[in-house]
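Enquirer: Sequence first, predicted model second:
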Amino acid sequence: EKGGYDYFMLKEIAEQPKAVADTLLGRIDAAGSLSLDEVRIPTAELREVDKVVIVACGTAFHAGLIAKYAIEHWTRIPCEVELASEFRYRDPILDSRSLVIAISQSGETMDTLMALRHAREQGSKVLAICNTNGSTIPRESDAVLYTHAGPEVAVASTKAFLTQLVACYLVALYLGQVRGTKWGDEISAVIRDLSHISGEVERVLETMEPVRALARSLADKNTVLFLGRHVGYPVALEGALKLKELAYMHAEGFAAGELKHGPIALIEEDLPVVVVVPSPRGRSVLHDKIVSNIQEIRARGARTIVIAEEGDETVVPYADHLIRIPATPTLLQPLVATVPLQVFACELATARGNEVDQPRNLAKSVTVE
Ligand code: F6R
């Protein structure tokens, strides 16, 4: 049942190219437009939406954080992302023009379910992004866009996360399409790039041996920090979460721009710091700033583990370890940048003798608040 892999997690990491392709299947028509018939919220209502609110937990929350960048960029609709467990306790401002997106692999997470119930009571429309057919969250939502990751058995979410990202991009692009944003050309280009992304994820998977070796060499460390900016920031948070739950290590993700506001005090000799570097094309200001951050932390002794686009030579002098990912449009980079972090956490967990598929104290679906 593990298809020749030692753990379900390894199998599920390897299945990501297919999971990503399956989630796109049938949703982009021959003309390169999106057809999301499942989103049974009338387009007239989608045009009226004046705010998007995403609720989710854990890894699904990180997908939501990334979705915010895409939604705001392509639709210019303000988007908030909130931990489902915090949402209804702060009396959120919602009405019939708010579109609430609930992201959940299992479809049974109680915190997310309670958040969406609260949103519907306020008259908001709820769209679920879910991996489990017929589960509670989609049943209680106005519409559902299923991720087609297939069953995810390992407690730590991997392929579900990548497909949640794909679904979020589809929703963002669809809202852009329905509302006719000015980004028409960019949207068609992104749709084209999305349709190639499964092959890029495959290429990343083929180059993971050095990442495994690196992970094994860090097995006796206590702390690993993760830095990112823009969509790389949630990727850093996700890398840290994977390491906590699998390797039981102290792991923290920071927005790289925040370093000087506190976290840089943590840097000490030989502390491993993973840095997700944005594309040097696109938002190149951010790229240059993060390269300075890498220099700063290295000057203070950090062991820098740099995830950067192929062809980005500026990072080479400052990277103790360099992990290459294919060039993608900025907003899609999380689909390739997350994969090495999953492999890293999985290998570290194995090296530390931990149970990879069933980390201590965790359950696959959390049906209590
Ligand atoms: C992390 C992980 C959890 C889940 C979270 C939400 O690897 O698996 O953080 O992402 O419990 O679960 P779902 O998506 O089922 O609502």
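Expert: Received, thanks. Every value quoted in this text rests on a predicted model; they were computed, and no experiment measured them.
Enquirer: check contacts around residue 270.
Expert: 301, 302, 303 (Cβ atoms under 8 Å, 6 or more residues apart in numbering). For the C-beta atoms, the positions are set from N, CA and C on the backbone; glycine is no exception.
Enquirer: burial count for the residue nearest to the second one when sequence neighbours are not counted?
Expert: Looking back up the chat, that one is residue 302. Excluding its sequence neighbours, the residue lying closest to residue 302 (Cβ to Cβ, 6 or more residues apart in numbering) is residue 273, at 4.5 Å. Neighbours of residue 273 under the rule other Cβ atoms under 10 Å: 25.
Enquirer: before we move on, what SS does residue 273 have?
Expert: strand (DSSP: H, G, I helix; E, B strand; the rest coil).
Enquirer: do the same with residue 188
Expert: helix.
Enquirer: what residues are up against it?
Expert: residue 32.
Enquirer: Can you give me the distance of it to the ligand?
Expert: Look at residue 188 and the ligand: by Cβ to the nearest ligand atom, to the nearest Å, they are 31 Å apart.
Enquirer: Just give me the neighbour total for the residue nearest to residue 107 when sequence neighbours are not counted.
Expert: Computed as Cβ to Cβ, 6+ apart, the closest residue to residue 107 that is not its neighbour in sequence is residue 135, at 2.6 Å. By the criterion of other Cβ under 10 Å, residue 135 has 20 neighbours.
Enquirer: Does residue 135 touch residue 108 like I think?
Expert: Yes: contact criterion Cβ atoms under 8 Å: residue 135 and residue 108 qualify, at 5.5 Å.
Enquirer: What count of nearby residues applies to residue 220?
Expert: Counted with other Cβ under 10 Å, residue 220 comes out at 7.
Enquirer: Need the pLDDT of it.
Expert: Looking at residue 220, its pLDDT reads 97.
Enquirer: quick one: residue 67 and residue 79 touch, right?
Expert: Yes: counting by Cβ under 8 Å, residue 67 touches residue 79, with 7.3 Å between them.
Enquirer: Helices of this protein, start to end?
Expert: Applying DSSP state H to the chain gives helices spanning 8-14, 16-24, 43-48, 58-75, 84-87, 110-121, 136-139, 159-179, 184-205, 209-217, 232-247, 284-299, 334-351.
Enquirer: distance between the last one and the chain's centre?
Expert: So that's helix 334-351. 13 Å (Cα atoms, centre = their mean, to the nearest Å).
Enquirer: quick one: it near the ligand?
Expert: No: against the ligand, helix 334-351 shows no contacts by Cβ under 6 Å from any ligand atom, the least distance being 9.3 Å.
Enquirer: ok, now the first one?
Expert: No: counting by Cβ under 6 Å from any ligand atom, the ligand has no neighbours in helix 8-14; the shortest distance is 9.7 Å.
Enquirer: Looking at that helix now, give me its mean pLDDT.
Expert: The model assigns helix 8-14 a mean pLDDT of 96.
Enquirer: Up against the ligand, what does this structure have?
Expert: 57-60, 104-106, 109, 112, 156-157, 241, 245, 365-366.
Enquirer: Out of these, which end up buried?
Expert: 57-60, 104-106, 109, 112, 156-157, 241, 245, 366 (16 or more other Cβ atoms under 10 Å).
Enquirer: Turn those into CSV, columns for distance to residue 202 and pLDDT.
Expert: Output for these, formatted as CSV (distance: Cβ to Cβ, whole Å; pLDDT from 0 to 100):
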residue, distance to residue 202, pLDDT
57, 29, 98
58, 26, 97
59, 21, 98
60, 24, 98
104, 27, 98
105, 22, 98
106, 26, 97
109, 30, 96
112, 31, 97
156, 21, 96
157, 20, 97
241, 24, 98
245, 25, 97
366, 31, 87
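Enquirer: between those residues, which is closest to the ligand?
Expert: residue 58 (1.8 Å; Cβ to the nearest ligand atom).
Enquirer: Okay, the closest one and residue 340: tell me how far apart.
Expert: The gap separating residue 58 from residue 340 is 20 Å, by Cβ to Cβ, to the nearest Å.
Enquirer: what does residue 313 give?
Expert: For residue 313 relative to residue 340 (Cβ to Cβ), the value is 19 Å.
Enquirer: where does the stretch 51-200 of the chain have low pLDDT?
Expert: Applying pLDDT under 70 to the stretch 51-200 of the chain flags residues 182-184.
Enquirer: ok, now which ones touch the residue nearest to residue 368 when sequence neighbours are not counted?
Expert: Spatial nearest neighbour of residue 368, excluding adjacent residues (Cβ to Cβ, 6+ apart): residue 110 at 5.6 Å. By Cβ under 8 Å, 6+ apart, residue 110 lies in contact with 366, 367, 368, 369.
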